[in-house]
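Undergrad: With the input below, show me the fold.
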Amino acid sequence: MEEGVQVVIQGSLDSARDDAIGGWVLSANQNSDILAILVDQENPRIRLCQHIRPNDPKAKGFYFDGIGPETFLRLLLGAAWIVAVELGEDYTSEKLERDGDVDPRLLSAINSTLLDKGNAIDVASFFRSSAMDCIASYVGAVATPDILISRLEKTIGFEPWKLCLAEPVPENTDTSTSYFEIPVGTISRDTSTIVGKMGHLFLFEGTNFLLNQYNETGSQRKHFKRWQSTLKRRKSIADKFSAQFIQVIIPEKTTVLKDLFPLPIDAPTYSLRHIRTYTSNLDYVFDMLPDILAHSNLPGFYRKTDSHFSCRGCETVANMILARLRLEPFPPVVMGGTRIFRGDLGRRFPGLVETLDIPNEALLSTHKPIEIRRYLPPSGGHEGINVVWQNPNAPIDKTVVAFSNSFFDVGDYPHQISWWLARYFKEFHFVWSRNVDEKYIEAVGPDILIAQTIERFLPMIPES
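TA: Numbering: from 1, shown residues only. Got it, this is the predicted structure:
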(Lines give C-alpha, C1' and ligand atoms only; values in the text may rest on other atoms or scores of the structure.)
Protein backbone atom coordinates (compact mmCIF):
# COMPACT_ATOMS: atom_id res chain seq x y z
CA MET A 1 0.00 0.00 0.00
CA GLU A 2 1.21 3.47 -0.85
CA GLU A 3 2.67 5.55 1.96
CA GLY A 4 0.14 7.88 3.52
CA VAL A 5 -2.73 5.36 3.57
CA GLN A 6 -3.19 2.83 6.35
CA VAL A 7 -5.94 0.36 7.14
CA VAL A 8 -8.28 0.98 10.05
CA ILE A 9 -9.51 -2.23 11.70
CA GLN A 10 -11.65 -0.92 14.57
CA GLY A 11 -15.24 -0.20 13.71
CA SER A 12 -18.73 -1.55 13.41
CA LEU A 13 -21.79 -1.51 11.21
CA ASP A 14 -24.74 -0.66 13.46
CA SER A 15 -27.64 0.15 11.14
CA ALA A 16 -29.22 -1.36 8.05
CA ARG A 17 -32.57 0.09 7.16
CA ASP A 18 -34.56 0.88 4.04
CA ASP A 19 -31.83 1.31 1.39
CA ALA A 20 -28.96 2.44 3.63
CA ILE A 21 -26.28 1.14 5.96
CA GLY A 22 -24.16 3.05 8.46
CA GLY A 23 -21.64 2.60 11.24
CA TRP A 24 -18.53 3.92 12.96
CA VAL A 25 -14.76 3.71 12.73
CA LEU A 26 -12.20 4.63 15.38
CA SER A 27 -9.03 6.56 14.74
CA ALA A 28 -6.09 7.25 17.05
CA ASN A 29 -5.88 10.69 15.47
CA GLN A 30 -9.24 12.46 15.61
CA ASN A 31 -8.05 15.04 13.07
CA SER A 32 -7.17 12.54 10.34
CA ASP A 33 -9.45 11.81 7.41
CA ILE A 34 -11.08 8.37 7.49
CA LEU A 35 -12.47 6.75 4.39
CA ALA A 36 -15.11 3.99 4.53
CA ILE A 37 -15.22 1.69 1.52
CA LEU A 38 -18.06 -0.61 0.58
CA VAL A 39 -16.29 -3.30 -1.43
CA ASP A 40 -18.89 -4.65 -3.84
CA GLN A 41 -17.95 -5.82 -7.31
CA GLU A 42 -21.24 -4.58 -8.74
CA ASN A 43 -21.42 -1.24 -6.97
CA PRO A 44 -18.33 -0.16 -4.96
CA ARG A 45 -18.70 2.95 -2.82
CA ILE A 46 -16.28 5.28 -1.04
CA ARG A 47 -17.44 7.75 1.59
CA LEU A 48 -15.59 10.15 3.85
CA CYS A 49 -16.42 9.57 7.52
CA GLN A 50 -17.54 12.91 8.92
CA HIS A 51 -20.24 12.52 11.56
CA ILE A 52 -18.57 12.44 14.99
CA ARG A 53 -19.98 10.68 18.04
CA PRO A 54 -20.66 13.25 20.74
CA ASN A 55 -19.26 11.05 23.51
CA ASP A 56 -16.19 9.91 21.56
CA PRO A 57 -14.52 12.43 19.22
CA LYS A 58 -12.33 9.63 17.82
CA ALA A 59 -15.39 7.78 16.46
CA LYS A 60 -16.44 8.93 13.01
CA GLY A 61 -19.59 7.81 11.28
CA PHE A 62 -20.12 6.63 7.72
CA TYR A 63 -23.35 6.21 5.82
CA PHE A 64 -24.07 4.61 2.45
CA ASP A 65 -27.49 5.14 0.92
CA GLY A 66 -29.03 3.92 -2.29
CA ILE A 67 -28.07 0.33 -1.44
CA GLY A 68 -29.92 -2.11 -3.68
CA PRO A 69 -31.29 -5.53 -2.74
CA GLU A 70 -28.44 -7.30 -4.52
CA THR A 71 -25.80 -5.52 -2.42
CA PHE A 72 -27.68 -6.33 0.78
CA LEU A 73 -27.73 -9.98 -0.21
CA ARG A 74 -24.02 -9.97 -1.07
CA LEU A 75 -23.28 -8.43 2.33
CA LEU A 76 -25.32 -11.15 3.95
CA LEU A 77 -23.47 -13.90 2.10
CA GLY A 78 -20.02 -12.41 2.62
CA ALA A 79 -19.58 -11.55 -1.06
CA ALA A 80 -19.31 -7.84 -0.22
CA TRP A 81 -17.74 -6.19 2.79
CA ILE A 82 -16.74 -2.88 4.33
CA VAL A 83 -13.26 -1.67 5.19
CA ALA A 84 -11.86 1.71 6.18
CA VAL A 85 -8.57 3.49 5.68
CA GLU A 86 -6.93 6.37 7.47
CA LEU A 87 -5.39 8.97 5.19
CA GLY A 88 -2.11 10.68 5.89
CA GLU A 89 -1.06 14.15 4.86
CA ASP A 90 -0.59 13.02 1.26
CA TYR A 91 -4.34 12.47 0.92
CA THR A 92 -6.73 15.03 2.40
CA SER A 93 -10.50 15.13 2.20
CA GLU A 94 -10.21 17.71 -0.59
CA LYS A 95 -8.68 15.04 -2.84
CA LEU A 96 -11.29 12.38 -2.22
CA GLU A 97 -13.91 13.25 -4.80
CA ARG A 98 -13.81 15.09 -8.08
CA ASP A 99 -17.23 15.79 -9.59
CA GLY A 100 -18.68 12.79 -7.79
CA ASP A 101 -15.90 10.43 -8.85
CA VAL A 102 -13.24 9.11 -6.55
CA ASP A 103 -9.77 10.54 -7.16
CA PRO A 104 -8.01 7.85 -9.28
CA ARG A 105 -4.75 8.46 -7.43
CA LEU A 106 -6.41 7.43 -4.20
CA LEU A 107 -7.95 4.37 -5.79
CA SER A 108 -4.56 3.39 -7.11
CA ALA A 109 -3.07 3.70 -3.64
CA ILE A 110 -5.61 1.45 -1.93
CA ASN A 111 -6.70 -0.85 -4.75
CA SER A 112 -4.27 -3.70 -4.20
CA THR A 113 -5.14 -4.08 -0.52
CA LEU A 114 -8.83 -3.33 -0.37
CA LEU A 115 -10.19 -4.83 -3.55
CA ASP A 116 -8.33 -8.11 -3.11
CA LYS A 117 -10.68 -10.16 -0.96
CA GLY A 118 -7.86 -12.38 0.18
CA ASN A 119 -6.21 -9.43 1.86
CA ALA A 120 -9.37 -7.65 2.92
CA ILE A 121 -11.00 -10.50 4.85
CA ASP A 122 -8.77 -10.15 7.89
CA VAL A 123 -8.71 -6.38 7.65
CA ALA A 124 -12.50 -6.17 7.56
CA SER A 125 -13.39 -9.05 9.87
CA PHE A 126 -14.91 -6.80 12.52
CA PHE A 127 -16.89 -4.89 9.92
CA ARG A 128 -18.04 -7.95 8.06
CA SER A 129 -19.15 -9.88 11.14
CA SER A 130 -21.16 -6.89 12.31
CA ALA A 131 -22.62 -6.51 8.84
CA MET A 132 -23.60 -10.16 8.76
CA ASP A 133 -25.37 -9.88 12.11
CA CYS A 134 -27.10 -6.67 11.14
CA ILE A 135 -28.17 -7.71 7.66
CA ALA A 136 -29.26 -11.15 8.85
CA SER A 137 -31.43 -9.49 11.46
CA TYR A 138 -32.78 -7.07 8.90
CA VAL A 139 -33.92 -9.76 6.49
CA GLY A 140 -35.37 -11.98 9.17
CA ALA A 141 -32.31 -14.12 9.92
CA VAL A 142 -32.36 -15.66 6.46
CA ALA A 143 -28.88 -17.11 6.09
CA THR A 144 -29.24 -19.48 3.15
CA PRO A 145 -28.24 -18.60 -0.43
CA ASP A 146 -31.33 -20.16 -2.00
CA ILE A 147 -33.18 -16.83 -2.00
CA LEU A 148 -32.77 -15.76 -5.58
CA ILE A 149 -31.74 -12.18 -6.18
CA SER A 150 -34.55 -11.94 -8.70
CA ARG A 151 -37.02 -12.28 -5.83
CA LEU A 152 -35.56 -9.33 -3.97
CA GLU A 153 -37.53 -6.68 -5.79
CA LYS A 154 -37.23 -3.11 -4.56
CA THR A 155 -40.98 -3.14 -4.08
CA ILE A 156 -40.61 -6.02 -1.63
CA GLY A 157 -37.86 -4.42 0.42
CA PHE A 158 -36.17 -6.19 3.29
CA GLU A 159 -39.07 -6.59 5.68
CA PRO A 160 -38.81 -10.14 7.06
CA TRP A 161 -42.51 -10.86 7.07
CA LYS A 162 -42.54 -10.16 3.32
CA LEU A 163 -39.38 -12.01 2.43
CA CYS A 164 -40.75 -15.17 4.02
CA LEU A 165 -44.06 -15.08 2.14
CA ALA A 166 -44.84 -17.74 -0.41
CA GLU A 167 -47.91 -15.83 -1.56
CA PRO A 168 -49.20 -12.27 -1.04
CA VAL A 169 -51.44 -11.61 1.95
CA PRO A 170 -55.04 -12.45 0.99
CA GLU A 171 -57.44 -9.58 0.46
CA ASN A 172 -59.66 -8.49 3.36
CA THR A 173 -57.11 -9.77 5.88
CA ASP A 174 -56.85 -7.97 9.22
CA THR A 175 -53.93 -5.56 8.76
CA SER A 176 -52.80 -5.46 12.39
CA THR A 177 -49.51 -7.05 13.41
CA SER A 178 -49.11 -10.29 15.30
CA TYR A 179 -47.12 -10.23 18.54
CA PHE A 180 -44.65 -12.90 19.59
CA GLU A 181 -43.39 -13.42 23.11
CA ILE A 182 -39.74 -12.73 23.87
CA PRO A 183 -38.62 -13.28 27.48
CA VAL A 184 -38.38 -10.08 29.53
CA GLY A 185 -34.72 -9.20 30.02
CA THR A 186 -33.57 -10.51 26.64
CA ILE A 187 -30.74 -8.33 25.34
CA SER A 188 -30.08 -7.70 21.65
CA ARG A 189 -26.90 -9.03 20.07
CA ASP A 190 -25.37 -5.53 19.94
CA THR A 191 -26.38 -4.95 23.62
CA SER A 192 -28.18 -1.71 22.69
CA THR A 193 -31.68 -2.93 23.54
CA ILE A 194 -33.39 -4.90 26.31
CA VAL A 195 -36.88 -6.40 26.35
CA GLY A 196 -39.16 -4.95 29.01
CA LYS A 197 -42.65 -5.79 30.19
CA MET A 198 -45.87 -5.54 28.16
CA GLY A 199 -43.96 -5.75 24.88
CA HIS A 200 -41.91 -2.58 25.39
CA LEU A 201 -38.29 -2.39 24.27
CA PHE A 202 -35.84 -0.09 26.05
CA LEU A 203 -32.36 1.28 25.46
CA PHE A 204 -29.84 -0.83 27.37
CA GLU A 205 -26.24 0.11 26.67
CA GLY A 206 -25.97 2.03 23.42
CA THR A 207 -23.61 4.90 22.63
CA ASN A 208 -24.79 7.08 25.52
CA PHE A 209 -24.49 4.44 28.27
CA LEU A 210 -27.96 5.35 29.53
CA LEU A 211 -28.07 2.86 32.40
CA ASN A 212 -24.95 4.39 33.94
CA GLN A 213 -26.76 7.71 34.13
CA TYR A 214 -29.21 6.34 36.66
CA ASN A 215 -26.37 5.86 39.14
CA GLU A 216 -25.49 8.73 41.45
CA THR A 217 -22.12 10.29 40.60
CA GLY A 218 -21.41 13.31 42.74
CA SER A 219 -18.37 14.25 40.67
CA GLN A 220 -20.72 15.18 37.85
CA ARG A 221 -22.68 17.81 39.78
CA LYS A 222 -20.45 20.75 38.86
CA HIS A 223 -20.70 19.63 35.25
CA PHE A 224 -24.43 20.36 35.14
CA LYS A 225 -24.06 23.85 36.52
CA ARG A 226 -22.70 24.77 33.10
CA TRP A 227 -26.18 24.18 31.72
CA GLN A 228 -27.38 27.21 33.65
CA SER A 229 -25.05 29.59 31.82
CA THR A 230 -25.78 27.92 28.47
CA LEU A 231 -29.51 28.39 28.92
CA LYS A 232 -29.15 32.00 30.03
CA ARG A 233 -27.04 32.65 26.95
CA ARG A 234 -29.75 31.15 24.74
CA LYS A 235 -32.36 33.32 26.41
CA SER A 236 -30.28 36.42 25.77
CA ILE A 237 -30.00 35.50 22.08
CA ALA A 238 -33.77 35.10 21.86
CA ASP A 239 -34.30 38.42 23.61
CA LYS A 240 -31.85 40.10 21.22
CA PHE A 241 -34.11 39.18 18.29
CA SER A 242 -37.39 39.65 20.21
CA ALA A 243 -38.23 35.93 20.14
CA GLN A 244 -40.02 33.96 22.84
CA PHE A 245 -37.70 31.19 24.10
CA ILE A 246 -38.39 27.76 25.54
CA GLN A 247 -35.91 25.00 26.38
CA VAL A 248 -37.66 21.62 26.19
CA ILE A 249 -36.21 18.65 28.09
CA ILE A 250 -37.84 15.36 27.10
CA PRO A 251 -37.53 12.49 29.59
CA GLU A 252 -36.34 9.02 28.68
CA LYS A 253 -38.85 6.31 27.99
CA THR A 254 -36.98 4.32 30.65
CA THR A 255 -37.61 7.09 33.19
CA VAL A 256 -41.30 7.46 32.40
CA LEU A 257 -42.04 3.72 32.16
CA LYS A 258 -39.56 2.57 34.81
CA ASP A 259 -42.07 0.02 36.14
CA LEU A 260 -41.96 -1.72 32.77
CA PHE A 261 -38.15 -1.70 32.62
CA PRO A 262 -36.83 -5.19 33.47
CA LEU A 263 -34.22 -3.97 36.00
CA PRO A 264 -34.67 -1.79 39.10
CA ILE A 265 -33.55 1.80 38.49
CA ASP A 266 -33.68 5.04 40.45
CA ALA A 267 -35.34 7.39 37.95
CA PRO A 268 -34.92 10.03 36.72
CA THR A 269 -31.24 10.03 35.86
CA TYR A 270 -28.79 11.97 37.97
CA SER A 271 -28.47 14.25 34.94
CA LEU A 272 -32.09 15.33 35.07
CA ARG A 273 -32.16 15.52 38.86
CA HIS A 274 -29.17 17.85 39.01
CA ILE A 275 -30.11 20.07 36.09
CA ARG A 276 -33.35 20.81 37.93
CA THR A 277 -31.28 22.17 40.79
CA TYR A 278 -29.58 24.69 38.54
CA THR A 279 -32.55 25.64 36.35
CA SER A 280 -35.48 25.67 38.79
CA ASN A 281 -35.52 29.49 38.71
CA LEU A 282 -35.56 29.67 34.90
CA ASP A 283 -39.19 29.86 33.78
CA TYR A 284 -38.26 29.22 30.15
CA VAL A 285 -36.98 25.70 30.93
CA PHE A 286 -39.72 23.14 30.27
CA ASP A 287 -38.93 19.88 32.07
CA MET A 288 -41.62 17.65 30.54
CA LEU A 289 -41.36 14.76 32.99
CA PRO A 290 -44.15 15.91 35.37
CA ASP A 291 -46.53 16.60 32.49
CA ILE A 292 -45.85 13.29 30.78
CA LEU A 293 -46.09 11.33 34.04
CA ALA A 294 -49.48 12.94 34.63
CA HIS A 295 -50.79 11.68 31.31
CA SER A 296 -53.47 9.06 31.82
CA ASN A 297 -52.54 6.68 29.00
CA LEU A 298 -48.81 6.13 29.40
CA PRO A 299 -48.67 2.62 27.87
CA GLY A 300 -49.85 4.15 24.57
CA PHE A 301 -47.80 7.29 24.90
CA TYR A 302 -44.51 5.73 23.80
CA ARG A 303 -44.03 3.34 20.93
CA LYS A 304 -43.37 -0.24 22.01
CA THR A 305 -40.55 -1.02 19.58
CA ASP A 306 -39.05 2.46 19.71
CA SER A 307 -37.58 4.94 22.20
CA HIS A 308 -39.81 7.74 20.85
CA PHE A 309 -43.45 8.76 21.19
CA SER A 310 -46.42 7.30 19.38
CA CYS A 311 -48.51 9.49 17.07
CA ARG A 312 -50.92 10.27 19.89
CA GLY A 313 -47.96 10.87 22.19
CA CYS A 314 -46.47 13.38 19.76
CA GLU A 315 -49.81 15.17 19.45
CA THR A 316 -50.01 15.43 23.23
CA VAL A 317 -46.43 16.66 23.58
CA ALA A 318 -46.97 19.25 20.85
CA ASN A 319 -49.99 20.56 22.75
CA MET A 320 -47.98 20.59 25.99
CA ILE A 321 -45.41 22.80 24.26
CA LEU A 322 -48.15 25.09 22.96
CA ALA A 323 -49.60 25.39 26.46
CA ARG A 324 -46.18 26.26 27.89
CA LEU A 325 -45.87 28.97 25.21
CA ARG A 326 -49.30 30.25 26.32
CA LEU A 327 -50.88 29.37 22.98
CA GLU A 328 -54.19 27.67 22.27
CA PRO A 329 -53.90 23.90 21.77
CA PHE A 330 -54.82 22.34 18.47
CA PRO A 331 -58.26 20.64 18.49
CA PRO A 332 -58.05 16.87 19.17
CA VAL A 333 -57.29 14.91 16.03
CA VAL A 334 -59.16 11.72 15.16
CA MET A 335 -56.92 8.74 14.54
CA GLY A 336 -58.37 7.47 11.32
CA GLY A 337 -56.23 4.50 10.35
CA THR A 338 -53.25 2.30 11.16
CA ARG A 339 -49.81 1.73 9.73
CA ILE A 340 -47.07 -0.81 10.42
CA PHE A 341 -43.75 0.64 11.57
CA ARG A 342 -40.43 -0.83 12.59
CA GLY A 343 -38.98 1.03 15.58
CA ASP A 344 -35.40 2.09 16.22
CA LEU A 345 -35.16 -0.58 18.95
CA GLY A 346 -37.26 -3.18 17.14
CA ARG A 347 -34.67 -3.25 14.36
CA ARG A 348 -32.33 -5.01 16.79
CA PHE A 349 -34.56 -8.11 16.72
CA PRO A 350 -35.64 -10.03 13.60
CA GLY A 351 -39.15 -9.23 12.48
CA LEU A 352 -40.32 -7.00 15.33
CA VAL A 353 -42.81 -4.40 14.15
CA GLU A 354 -45.80 -2.59 15.61
CA THR A 355 -49.06 -1.13 14.42
CA LEU A 356 -49.58 2.57 15.16
CA ASP A 357 -52.79 4.54 15.03
CA ILE A 358 -52.27 7.40 12.59
CA PRO A 359 -54.25 10.64 12.13
CA ASN A 360 -57.03 10.97 9.62
CA GLU A 361 -55.28 13.06 6.97
CA ALA A 362 -58.60 14.29 5.60
CA LEU A 363 -59.25 16.12 8.87
CA LEU A 364 -55.89 17.88 8.60
CA SER A 365 -55.95 18.65 4.87
CA THR A 366 -56.69 22.34 5.41
CA HIS A 367 -53.60 22.64 7.63
CA LYS A 368 -51.16 20.58 5.55
CA PRO A 369 -47.88 22.52 5.29
CA ILE A 370 -45.77 23.09 2.19
CA GLU A 371 -42.17 21.97 2.50
CA ILE A 372 -39.97 24.70 1.01
CA ARG A 373 -36.53 23.44 2.03
CA ARG A 374 -34.89 20.13 2.93
CA TYR A 375 -31.15 20.06 3.46
CA LEU A 376 -29.42 16.76 4.23
CA PRO A 377 -25.67 16.96 5.00
CA PRO A 378 -23.55 15.16 2.38
CA SER A 379 -21.83 13.25 5.21
CA GLY A 380 -25.06 11.37 5.82
CA GLY A 381 -25.09 12.36 9.50
CA HIS A 382 -28.02 13.85 11.36
CA GLU A 383 -26.37 16.97 12.72
CA GLY A 384 -27.20 19.90 10.44
CA ILE A 385 -30.35 18.52 8.81
CA ASN A 386 -32.66 21.44 8.04
CA VAL A 387 -36.31 21.26 6.95
CA VAL A 388 -38.59 24.30 6.56
CA TRP A 389 -42.35 24.40 6.07
CA GLN A 390 -44.74 27.25 5.29
CA ASN A 391 -48.42 26.98 6.08
CA PRO A 392 -50.68 29.90 5.07
CA ASN A 393 -53.70 28.15 6.62
CA ALA A 394 -52.04 27.42 9.96
CA PRO A 395 -54.08 28.32 13.06
CA ILE A 396 -51.10 30.10 14.68
CA ASP A 397 -49.67 33.03 12.73
CA LYS A 398 -46.12 32.75 14.00
CA THR A 399 -42.69 31.66 12.75
CA VAL A 400 -40.88 29.06 14.86
CA VAL A 401 -37.29 27.80 14.77
CA ALA A 402 -36.58 24.54 16.64
CA PHE A 403 -33.03 23.33 17.28
CA SER A 404 -33.81 19.75 18.22
CA ASN A 405 -33.19 16.07 17.50
CA SER A 406 -34.92 12.83 16.52
CA PHE A 407 -37.96 13.52 18.70
CA PHE A 408 -38.84 16.41 16.37
CA ASP A 409 -37.20 14.90 13.25
CA VAL A 410 -37.91 15.78 9.61
CA GLY A 411 -41.69 15.68 9.92
CA ASP A 412 -42.42 12.88 7.45
CA TYR A 413 -44.59 10.95 9.92
CA PRO A 414 -47.02 11.85 12.73
CA HIS A 415 -44.81 10.10 15.30
CA GLN A 416 -42.43 13.07 14.89
CA ILE A 417 -43.17 16.33 16.72
CA SER A 418 -42.21 18.41 13.67
CA TRP A 419 -45.11 16.81 11.77
CA TRP A 420 -47.53 18.40 14.23
CA LEU A 421 -45.90 21.77 14.78
CA ALA A 422 -45.54 22.32 11.03
CA ARG A 423 -49.35 22.13 10.93
CA TYR A 424 -49.77 24.57 13.81
CA PHE A 425 -47.55 27.46 12.73
CA LYS A 426 -47.37 29.75 9.70
CA GLU A 427 -43.69 28.85 9.27
CA PHE A 428 -41.73 26.13 11.06
CA HIS A 429 -37.99 25.47 10.87
CA PHE A 430 -36.47 22.20 12.09
CA VAL A 431 -32.70 22.20 12.58
CA TRP A 432 -31.16 18.95 13.84
CA SER A 433 -28.60 20.40 16.23
CA ARG A 434 -27.71 20.35 19.92
CA ASN A 435 -26.48 23.92 19.53
CA VAL A 436 -28.38 27.16 18.90
CA ASP A 437 -27.14 29.03 15.82
CA GLU A 438 -27.41 32.79 16.37
CA LYS A 439 -26.79 33.56 12.69
CA TYR A 440 -29.67 31.29 11.66
CA ILE A 441 -31.97 33.03 14.15
CA GLU A 442 -30.92 36.44 12.88
CA ALA A 443 -31.60 35.40 9.26
CA VAL A 444 -35.07 33.98 9.99
CA GLY A 445 -36.27 36.37 12.69
CA PRO A 446 -38.60 33.88 14.42
CA ASP A 447 -41.37 34.75 16.85
CA ILE A 448 -40.54 31.64 18.90
CA LEU A 449 -37.24 29.86 19.50
CA ILE A 450 -37.35 26.25 20.72
CA ALA A 451 -34.29 24.32 21.88
CA GLN A 452 -34.89 20.67 22.69
CA THR A 453 -32.81 17.91 24.21
CA ILE A 454 -33.40 14.45 25.62
CA GLU A 455 -32.53 13.26 29.12
CA ARG A 456 -29.65 11.02 28.00
CA PHE A 457 -27.93 13.94 26.21
CA LEU A 458 -27.85 16.18 29.29
CA PRO A 459 -24.26 15.22 30.25
CA MET A 460 -23.09 16.70 26.94
CA ILE A 461 -23.21 20.48 27.38
CA PRO A 462 -23.92 22.27 24.07
CA GLU A 463 -21.37 24.75 22.78
CA SER A 464 -24.05 27.38 22.20
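Undergrad: Number of residues surrounding the nearest residue to Ile250 once chain neighbours are set aside?
TA: Nearest non-adjacent residue to Ile250, counting by Cβ to Cβ, 6 or more residues apart in numbering: Ile454, 5.0 Å away. In this view, the C-beta of every residue, glycine as well, is placed from N, C-alpha and C. Each residue near Ile454 was counted by other Cβ atoms under 10 Å, and the total is 20.
Undergrad: quick one: Ile454 from Gly300, how far?
TA: Computed as Cβ to Cβ, to the nearest Å, the Ile454 to Gly300 distance reads 20 Å.
Undergrad: lowest-pLDDT helix or strand in this structure?
TA: The helix or strand with the lowest mean pLDDT-type score in the chain, counting by mean pLDDT, DSSP states H and E, is helix 117-123 (a mean of 36).
Undergrad: for the helix or strand containing Lys225, what is the average pLDDT?
TA: For Lys225, the element it lies in under DSSP states H and E is helix 221-240. Helix 221-240 carries an average pLDDT of 85.
Undergrad: What pairs with the very next helix or strand once past it, parallel or antiparallel?
TA: The helix or strand immediately downstream of helix 221-240 is strand 244-250, counting by DSSP H and E. Within its sheet, strand 244-250 is paired with strand 285-287 (parallel), strand 448-454 (parallel), according to DSSP bridges.
Undergrad: hmm, who's touching the shortest one?
TA: Meaning strand 285-287. 231, 246-249, 272, 276, 279, 321, 324 (Cβ atoms under 8 Å, 6 or more residues apart in numbering).
Undergrad: buried sites along that strand?
TA: Neighbour-count burial for strand 285-287, counted by 16 or more other Cβ atoms under 10 Å, picks out 285-287.
Undergrad: Including distance to Thr338, could those residues go into JSON lines?
TA: Formatted as JSON lines, those follow (distance: Cβ to Cβ, whole Å):
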{"residue": "Val285", "distance to Thr338": "36"}
{"residue": "Phe286", "distance to Thr338": "31"}
{"residue": "Asp287", "distance to Thr338": "33"}
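Undergrad: Is it possible to get JSON lines of these that adds pLDDT and distance to Ile370?
TA: Shown next, in JSON lines, are these (pLDDT from 0 to 100; distance: Cβ to Cβ, whole Å):
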{"residue": "Val285", "pLDDT": "93", "distance to Ile370": "32"}
{"residue": "Phe286", "pLDDT": "94", "distance to Ile370": "28"}
{"residue": "Asp287", "pLDDT": "93", "distance to Ile370": "34"}
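Undergrad: nearest to His429, of these?
TA: Set against His429, the nearest of the buried residues of strand 285-287 by Cβ to Cβ is Phe286 (18.8 Å).
Undergrad: Dig out what the closest one forms beta bridges with.
TA: Going by DSSP bridges, Phe286 is paired in beta bridges with Val248.
Undergrad: Any buried residues in stretch 52-66, and which?
TA: By neighbour count on 16+ other Cβ under 10 Å, the buried set for stretch 52-66 is 52, 58-64.
Undergrad: For it, measure first residue to last.
TA: Stretch 52-66 stretches 22 Å from its first residue to its last (Cα to Cα, to the nearest Å).
Undergrad: Now that stretch: average pLDDT?
TA: Stretch 52-66 comes out at a mean pLDDT of 78.
Undergrad: residues making contact with that stretch?
TA: Here stretch 52-66 makes contact (Cβ under 8 Å, 6+ apart) with 19-28, 30, 34, 36, 38, 45, 47-51, 84, 207-209, 379-381, 434, 457, 460.
Undergrad: Okay, and which of the residues you listed map to strands?
TA: 20-26, 34, 36, 38, 45, 47-49, 51, 84 (DSSP state E).
Undergrad: Pull out the buried residues from these.
TA: If we count by 16+ other Cβ under 10 Å, these have these buried: 21-26, 34, 36, 38, 45, 47-49, 51, 84.
Undergrad: In these, find the pair that's most separated.
TA: Leu26 and Arg45 (20.3 Å).
Undergrad: Please report the distance of Leu356 from Ser418.
TA: Distance from Leu356 to Ser418, counting by Cβ to Cβ: 17 Å.
Undergrad: same question but for Leu263, I mixed them up
TA: 33 Å.
Undergrad: do the same with Ile82
TA: Where Ser418 is concerned, Ile82 sits at a distance of 32 Å (Cβ to Cβ).
Undergrad: how does the chain divide into domains?
TA: Following automatic domain parsing, the chain resolves into domains at 5-138, 193-457.
Undergrad: now those domains in TSV, with distance to Glu181?
TA: What follows is these, written out as TSV (distance: least, Cβ to Cβ, whole Å):
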stretch	distance to Glu181
domain 5-138	18
domain 193-457	9
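Undergrad: Compare those and report which one is nearest to Ser464.
TA: Ser464 sits nearest to domain 193-457 of all the domains of the chain, at 4.5 Å, using Cβ to Cβ.
Undergrad: show me where the stretch 251-400 of the chain has strands.
TA: Shown for the stretch 251-400 of the chain, the strands assigned by DSSP state E, counting those that start in this stretch span residues 285-287, 335-341, 354-359, 370-375, 386-390, 396-404.
Undergrad: So in that sheet, which strands flank the longest one, and in what orientation?
TA: Pairing partners of strand 396-404, with direction, according to DSSP bridges: strand 425-432 (parallel), strand 448-454 (parallel).
Undergrad: and what of the fifth one?
TA: Strand 386-390 has its sheet partners listed here by DSSP bridges as strand 370-375 (antiparallel), strand 425-432 (antiparallel).
Undergrad: any idea of the mean pLDDT for that strand?
TA: Here the average pLDDT along strand 386-390 is 96.
Undergrad: What are the contacting residues of that strand?
TA: The contact list for strand 386-390, computed with Cβ under 8 Å, 6+ apart, reads 369-375, 410-411, 418, 422, 426-432.
Undergrad: cutoff 10 Å now
TA: Applying Cβ atoms under 10 Å, 6 or more residues apart in numbering, the contact partners of strand 386-390 are 368-377, 399-401, 408-412, 418-419, 421-423, 425-433, 437, 440, 444.
Undergrad: which one of Leu263 and Ser418 has more residues nearby?
TA: Taking other Cβ under 10 Å, Leu263 and Ser418 do not tie; Ser418 has more neighbours (25 against 13).
Undergrad: Tell me who's in contact with the more buried one.
TA: Contacts of Ser418 (Cβ under 10 Å, 6+ apart): 314, 318, 369, 387, 389, 402, 404, 407-412, 428-430, 432.
Undergrad: related to what we said a few turns ago, most neighbours among the contacts of strand 285-287, please name it.
TA: Within those, most neighbours by other Cβ under 10 Å means Ile321, with 25 neighbours.
Undergrad: which secondary structure element contains Leu421?
TA: helix 417-424.
Undergrad: pLDDT of that helix, averaged?
TA: Per-residue pLDDT over helix 417-424 has a mean of 94.
Undergrad: what's the answer for stretch 357-365, then?
TA: In this model, stretch 357-365 has a mean pLDDT of 75.
Undergrad: Just the terminal-to-terminal distance for that stretch.
TA: Taking Cα to Cα, stretch 357-365 runs 18 Å from one end to the other.
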